[in-house]
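Q: Pasting the sequence and the predicted coordinates here, then a few questions.
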Amino acid sequence: MSRPFLSVANLAVHFPTSDGLVRATDGLSYTLERGKTLGIVGESGSGKSVSSSAILGLHRGTNAQVSGEIWFDGTDLLSLSDEDMRRRRGKDVAMIFQDPLSALHPYYRVGDQISEAYLAHNQVSKRVARARTIEMLDRVGIPQPDRRVDDYPHQFSGGMRQRVMIAMALINDPILLIADEPTTALDVTVQAQILDLLQELQREFNTALIMITHDLGVIAEIADDVLVMYAGRAVEYGATRDLMTQPAMPYTWGLIQSIPDVTRSVDLPLRPIPGNPPSLLNQPPGCAFFARCEYAQFVPGDRCATTLPDLLPLSDGHLKRCHLDHDLASYAVVETGAI
Amino acid sequence: MTKKLLSRVGVVAISGALAVALAACSSGGTSPSSTSSGPTKGGTITWLDTSGQFTATDPVGVYLGEEIAGFRRLVYRGLTALPISSNKNPKVVPDLATDTGTTKDGGKTWSYTLKSGMKWQDGTAITCADLQYGLSRSYDPSLVSPGGGVGTVYFGSGGYNLIDPADPSYDLSTKYVGPLTGTADAQKHFDAAASCSGNTITYHFQNAWPDFPYAAAALFTTDPYEKSFDKGTANLFTINSDGPYKLQGTTFDSQAGGTFVRNSNYSPSTDSTTVRGAYPDTVKISFVDSAETIAARLIANSGADSSAFSMANIPSDKYSEIASSMSSRVVTSTSPYTRFLMINSNTITDPNVRNAIIKATDQAGVIKANGGSKWGTPTSTIVAGAIPGFQPNPSTANNNPAGDPAAAKALLAKTSNPTPTIRFAFADTSTVIEQVAAVLQSGWEKAGFKVTLMPISKDAKPGYYAQVGADPKPIDVFYSGWAADWPSLFAVIPPILQSNPKGATFGVGFNYGFYSNSKVDALIKQATASTDTAEQQKLLNQADQVAEADGAYVPLANQSNYFIHGSKLGGFLPDVASSYYPDLGGMYVTK
Amino acid sequence: MIAYAIRRILVGIVLLLSMVLVVFVLFFASGNPAKSVCGKFCTPEKLTQVTKVYGYDQPITTQFGEFIQGLAVGRDYPVNDAYRAALEKSNPDLVIHCAAPCLGYSQHDAATVNADIAKYAPVTISIAVFAFIFWIFFGVFFGVLAAVFKGKWLDRILVGVTLVVYALPTFFVGTFLLQYVAIKWQLVPYPTYVSIADGGVGGWLVGLTLPALTLALFYMAAYVRITRAFVLESLSEDYIRTARAKGLTERVVLFKHGLRAALTPLLSMAGLDFAALLAGAVITESVFNYQGLGLLAVIANQNSDLPVLIGLVIVAGAAVIIMNILVDILYAFVDPRVRLR
């Protein structure tokens, strides 16, 4: 049996600070095949971006401690030398960042910034790279790409800037694309355009896509699998369909309930999750979500407070990290009427 | 203004450990310190000095003791000169003139005849008209400012008063403004006052000027000036030489210095090696930032600095660096400078209070704060020990140098207010002067005075002397000093103690204390009228005694010189001719 | 951009004239300045004469007006009309013409202020340029080094040393270099300014070493810390992560993407610091007795030389204003987001 195209196993990213060790990501495992999309959801600081950056090796050269395995296309990325990792970065694995205004260098023309990515991995002349850049800008739907190629980032609108970022990420035909909240800063119509574009390009290049977002609506639209993260760990993982129809733990319920939905009755209020995520520093024993969990009362004893639940299979390919039993979980979903 | 004084203040700045062990520092006394066989020609002598001191090199603007001393030997010859000599009472000798001057009427008219064969650096012969022209420039206020204008005072109606003998009432000092802008009528009167006949010039004074030959040697006022060279105020830093050297280039740089090379039109046969040895081929004046740097370079004695000297004293914070191995390069001597405090007689009108201030003053403490005996010794008068006719002032000679608070208290008890407040002003240029002020304050307070210190900063507008020279002023006592313009009591007593004219708002001469005593004035007048030197000295010393019995000033110290020079410099001698600065005339570079 | 520059220059001129007016008023605030130049034997008659010759008898407004006129069309000296008329009649070649822009005439230096400044400026400019090159080069170099090795021993040494150097007063550094390095240990020749014309580029550089070093050390220390902060800030920006994610080498990331953004703010800072130096490094020039504009200012102040002081105020002000405009224009070139309006 061959390995999956992308297989993250027991990934941990820790940052030593003067206050102690910050466990940004711990024990994270998932797999992804080519042409498929994995959605990673969670609140800010849940470890979504940190764990994905680890795939690109962006923590190298910092004081971060990365452990575990990241098998990608037959190679453990974590065992590569810095130089070998650099060669793959931007070529086989590319990343689209949120907030393209700050992610693009303000002093360089967008064309130069894009072709720079091409030139870093291809032995071609600047002219060739420029032609390729214009082609990519055209491909991501920027009008008059031969003119706009010489513009600066601040001369673009938010949506156009994100298209520039996508062009930059896709210029080397990566086989894995990580999109970190690519639509957060955009208005809804533009958001839809960008998502359509991403899916279209994914089909074209048969790219594996990791979509990082805090928006389950986006996940529902494009992801094949979903990974829900909380406080640096996976709390639920499964096929999108399973997870959306049968969410298995209180945090996922909360996420689902907080999706604004045009079909929902205006009288039924949105139900945001009360409280704030815990500090990743000096995490308490027990379930990280315990302090905010309305269902802890249904768990006998003080297990939620003292014991970290394991990520256990609920059905085939659907895992959850929760002490609640399955029946009660189903009940809760029916009651809230989500989806 | 009062550049002689200010320069001095700059030189003695900075404090430090005072009673440093100086036993090792031997003194060259007043004899040449070099041990080599004798003067040799050639080489370069470097004259180090602190920048910004020379406010002019135009003879009419020069009024800095060391500058007069140096330029007299290099570029500016006078009618007369004082010889290079360790004698404390040297005789004036002829320079440009054939003799030291003749007078038939006890000093009211003086005649000088020029030697022949003397030329300016451009080859033109020096004439009697040049002598007239040189003196006439002293009357132009645009030329003498800001250098000094010493000439206008001694030659003016307040001094000996140069007059047209045909019209003695015509006041040249107010009506004549020099050759450039003076009216034809005024010029005519001037030409008659300093009249030429062939190569002989005759000066006509209203008041007898018995020691005029000494003044002619010590001041540049009667020096010749070549009319064709005159470019007015633009000449401030030019030098047209008639001496053995000439300035390289057209202007002297007041901040960097200048180089002097041999003047081919100078005729040594018209001069004497007792006045100008003219040994080195080149004399370089080089300005640096401070007396500390000068001392450090002379101590280091490297390269060109080994044939260097300075007119600046070793500052007290460098005393400890003078090693015994440098004894042959270190010279101590007396100095024509005295330090004293002036008392504002217009605010402290009661002689008892003035005398109480004098009695309570801690002279010894002031000297200690300044660096000890290398800096100065206690004195009882404003007259320096180096001046012929000097004698301790009987009115203060027996005072305790450390102050006598009890005696001061006794004097104050006779007054209406035994604890008067006095405001003491000083130019706040260094920490030393602040310490001195503190010493003075504590001495006075012991006698019951209440003391308000009034430091006047270096950058104050108006400057220190402009503030203390004015009247009225909110100042009772202020720090001061004096050096005679030529070695005579006449250059000390009258300028400081003669009454100011009625209604003056600024001190005339140096009477900034506005001391006024008709007895003193009468004695000075008597001395001026006298023709006998001993008689003059007696009368002037009497004037000093009377004034001081009245509490005119607070004597502090007669300053000392403490020099170091390079090891290859010979003929180093501070003498009377150079106001006890090292005499450049005898210096040479040893082989 | 040209309209922008012109408008800025016009505002600058108004600013300069206001500064001159303030200096005028301050100068005359303490009474008749002729007192300070009247000399040792100042009599009321002489004071009156001097006051007249210097033109101090005129109302300040008149003097100011004449000064402005001189700036525009030049002036003749001496300023006293009667005195000058007499001189024109008897010795016309002694009337000094000061061509526009006439900054004035210094009786004390017997030269026009323009000539004074022309004489002193080369020293200041030489020191400033030498020091500037030195401090920018080493300041930025060590600053980048410290940022790249942040937290390592090299960074700690650099930060520590620069803190000490920064805290040392210029006066102390200059005196130490002069008294010990030059005089006592004689590691370098005694520093004297030699113009390129006199000593060639080599002599010029040797003469400038110590004063320029004195001046540069302080700024260098500051710039190490500033550069380090800017580089660290820049390296934490999102676009640096983007650059890394593109697979660029660390060198390209640091030098092309990191430094470009870090050094741009340094540009305006360096421009203004340099402009300030053009007004003269007062302490450094005084310690080494280098005849620069700073020393000229000290001398002029001590001598109550109003024309020179005003000339220096104008030169210093103009340097800052022009440098400001230059920096703004340059900034528009290096930062595409900036548009001059």
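A: Yep, it's here.
Q: Helix, strand or coil: sort out residue A:123 for me.
A: coil (DSSP: H, G, I helix; E, B strand; the rest coil).
Q: List of residues touching stretch B:115-132?
A: Contacts to stretch B:115-132, defined as C-beta atoms under 8 Å, 6 or more residues apart in numbering or on different chains, come from residues B:77, B:79, B:94, B:96-98, B:112, B:114, B:190-191, B:194, B:196-201, B:222-229, B:240-242, B:246, B:263, B:265-267, B:269-270. (Glycine included, C-beta is placed from N, CA and C.)
Q: Quick check: helices, which of these are part of them?
A: Among the contacts of stretch B:115-132, the members falling in helices (DSSP state H) are B:190, B:191.
Q: which of the contacts of stretch B:115-132 count as buried?
A: Buried members of the contacts of stretch B:115-132, counted by 16 or more other C-beta atoms under 10 Å in any protein chain shown: B:77, B:79, B:94, B:96-98, B:112, B:114, B:190, B:194, B:196, B:199-201, B:222-226, B:229, B:240-242, B:246, B:263, B:266, B:270.
Q: now the closest residue to residue B:163 other than its chain neighbours: how far from chain A?
A: In space, residue B:163 comes closest to residue B:206 once its chain neighbours are excluded; the distance is 5.0 Å by C-beta to C-beta, 6 or more residues apart in numbering or on different chains. Between residue B:206 and chain A the distance is 85 Å, computed by C-beta to the nearest C-beta, to the nearest Å.
Q: Kindly report the same for residue B:556.
A: In this structure, residue B:556 and chain A are separated by 65 Å, where distance is defined by C-beta to the nearest C-beta.
Q: Run through the residues that contact the single nearest residue of the stretch 1-150 of chain A relative to chain C.
A: As assessed by C-beta to the nearest C-beta, chain C sits closest to residue A:90 within the stretch 1-150 of chain A, at 3.2 Å. By C-beta under 8 Å, 6+ apart, the contact set of residue A:90 is A:117, A:120, A:121, A:169, A:172, A:174, C:245, C:246, C:247, C:248.
Q: Go again with 6 Å.
A: Each residue near residue A:90 by C-beta atoms under 6 Å, 6 or more residues apart in numbering or on different chains is listed here: A:117, C:246, C:247.
Q: Backbone dihedrals for residue B:452, both of them.
A: Note on residue B:452: its backbone torsions stand at phi -110, psi 120 [degrees, to the nearest 10].
Q: The nearest residue in space to it that is not next to it in sequence in helix, strand or coil?
A: Among residues not flanking residue B:452 along the chain, residue B:423 sits closest, at 4.6 Å (C-beta to C-beta, 6+ apart). Assigned with three-state DSSP, residue B:423 falls in the strand class.
Q: From what I see, residue B:423 and residue B:450 are in contact.
A: No - the pair residue B:423 and residue B:450 fails to qualify as a contact (C-beta atoms under 6 Å) at a distance of 9.8 Å.
Q: In terms of neighbours, single out the busier of the two.
A: With other C-beta atoms under 10 Å in any protein chain shown as the criterion, residue B:423 and residue B:450 differ in neighbour count, and residue B:423 comes out ahead with 18 against 12.
Q: From chain C, how far off is that one?
A: 19 Å.
Q: Past the lowest-mean-pLDDT helix or strand in chain C, which element shows up next along the chain?
A: Each helix and strand of chain C was given a mean pLDDT (mean pLDDT, DSSP states H and E); the minimum falls on helix C:34-37 at a mean of 70. With elements assigned by DSSP states H and E, the helix or strand that comes after helix C:34-37 is helix C:44-54.
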